[in-house]
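Asker: Return atomic coordinates for the entry below.
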Amino acid sequence: MIEPRTEANARFFAAEAERIAELSLRLAERFLAGGRLLAVGASAQDRSDAHHVAVEFVHPVIVGKRALPALALRPDQVDLLAEPRDALIAFGETVSAPRSCLTIGFAPGTAQWVFQPPSGDPFVRQELVETLYHVLWETVHVFLDHLGSSRSGAGSSAFLYPFLERTERDLDAVLEDVAASVLIKAREVGELRERTVGDGDELAGAGAALRERLHAGGKLLAFGNGGSATDAMDLVADLQTAGLRALDLTADAAILTALANDVGTEVLFQRQLIAHGRDEDVAVAFSTSGGSANILLALAEARRRGLETIAIVGYDGGQIAAERLADHVIVAPSQYIPRIQEAHATAYHLLCAFVSTGSSRRAELAQT
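Answerer: Okay, here's the model as predicted:
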């Protein structure tokens, strides 16, 4: 199941690296002109991507990089909130926007800038799209630095840099460098997917446990912070679409803000597990660090209540892997959060595939 991902990843980014570099430049120009990036999703899966885009741009994980204005919207909100200087990235259906907006889409006819992942597998397509918007987030900062330090690209702050000039030759060189870096990033995530899956034993064990509990009537409870929260959203959406019981503990803003304000962020998921967790259920925790306090408390609570626990983590696995705080620990061994999250998407999509395979087999047995 990794080989088709590796092949599609290589084909997609080899074909699109130059366009991605050009789009990064156009987005940088929009940001410098006071525009925003609006991410739009209609389905539950599409909304998880929209929220992922927004959190990545607003809350940069690279120290020293500026926060950029981004917002996740439903399609019906675009007409109310879009402004002429904005850029819009639409997941799923075509979305109308002011004519002067820059638009990005992933199916023919959906936008000015269309990128079509070369796969018929919706999971693989989503993984390639996630890498694409992560790469856009990474590379737009290159152009922000370049344009922001040149007179013609700095706008009202140009007087701060009177000794610098932007030239087309300089810009061509940056575009070439960015296109090359896109290919490097694509290779990195391809290699990381392979290391994350490894021999497949850890994923297979987690998938078998998840399948057994869901088919016996249990439910999945998923949680994480930031970009990992959108992983929880996407996993739950995938399972619910397949008719399986799943609950996203990051979804209710009223509960999350009440707990954070009145008690503390450490209990955000623990308190919800107390309310919803049953011994036939499965808790799936996402943590790039493997050591977030609210994730650790939630996993401990899940174990006390007899839930099967799965942790999908990054870096070296952190405290979760070192102390084996979950029954199944899947590690994306990297120090870089965007690549970790892209490998995590592959991991939980493979978990969904394990569950779906079991569903198909159960249906076949019932028919015989």
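Asker: rest of the way, CA atoms for contacts and neighbours
Answerer: OK.
Asker: name the element Ile330 belongs to?
Answerer: strand 328-332 (DSSP states H and E).
Asker: For that strand, which strands pair with it and how are they oriented?
Answerer: strand 308-314 (parallel) (DSSP bridges).
Asker: what residues does the next helix or strand after the strand it pairs with touch?
Answerer: Going down the chain from strand 308-314, the next helix or strand is helix 318-322, by DSSP H and E. Helix 318-322 is contacted from outside by 289-291, 296, 311, 325-326, 329, using C-alpha atoms under 8 Å, 6 or more residues apart in numbering.
Asker: quick one, helices of the stretch 101-250 of the chain?
Answerer: Using DSSP state H, counting those that start in this stretch, the helices of the stretch 101-250 of the chain run over 122-148, 168-197, 201-215, 227-241.
Asker: Minimum distance to Leu23: which of those helices has it?
Answerer: Between Leu23 and those, the shortest separation by C-alpha to C-alpha is 7.8 Å, and it involves helix 122-148.
Asker: same for that closest one, what does it pack against?
Answerer: Judged by 3 or more C-alpha pairs under 8 Å, 6 or more residues apart in numbering; DSSP states H and E, the packing partners of helix 122-148 are helix 3-32, helix 44-58, helix 168-197, helix 337-367.
Asker: and with 6 Å instead?
Answerer: Judged by 3 or more C-alpha pairs under 6 Å, 6 or more residues apart in numbering; DSSP states H and E, helix 122-148 is in contact with helix 3-32.
Asker: Which positions within the helix it packs on qualify as buried?
Answerer: Residues 5-6, 8-10, 12-13, 16-25, 27-32 are the ones in helix 3-32 that count as buried (16 or more other C-alpha atoms under 10 Å).
Asker: What's the mean pLDDT across that helix?
Answerer: In this model, helix 3-32 carries a mean pLDDT of 97.
Asker: which is the next helix or strand following that helix?
Answerer: Counting by DSSP H and E, the next helix or strand C-terminal to helix 3-32 is strand 37-41.
Asker: now that we have the contacts of helix 318-322, which one has the most neighbours?
Answerer: Counting neighbours by other C-alpha atoms under 10 Å, Ala311 leads the contacts of helix 318-322 with 27 neighbours.
Asker: how far away is that one from Ala232?
Answerer: Relative to Ala232, Ala311 is positioned 11 Å away (C-alpha to C-alpha, to the nearest Å).
Asker: how about low-confidence regions in the stretch 251-368 of the chain?
Answerer: Of all residues in the stretch 251-368 of the chain, those with pLDDT under 70 make up the ranges 358-368.
Asker: about what we covered before: switch the contacts of helix 318-322 over to JSON lines; also include secondary structure and distance to Phe91.
Answerer: Shown next, in JSON lines, are these (DSSP: H, G, I helix; E, B strand; the rest coil; distance: C-alpha to C-alpha, whole Å):
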{"residue": "Ser289", "secondary structure": "coil", "distance to Phe91": "28"}
{"residue": "Gly290", "secondary structure": "coil", "distance to Phe91": "29"}
{"residue": "Gly291", "secondary structure": "coil", "distance to Phe91": "31"}
{"residue": "Leu296", "secondary structure": "helix", "distance to Phe91": "33"}
{"residue": "Ala311", "secondary structure": "strand", "distance to Phe91": "27"}
{"residue": "Leu325", "secondary structure": "coil", "distance to Phe91": "35"}
{"residue": "Ala326", "secondary structure": "coil", "distance to Phe91": "33"}
{"residue": "Val329", "secondary structure": "strand", "distance to Phe91": "30"}
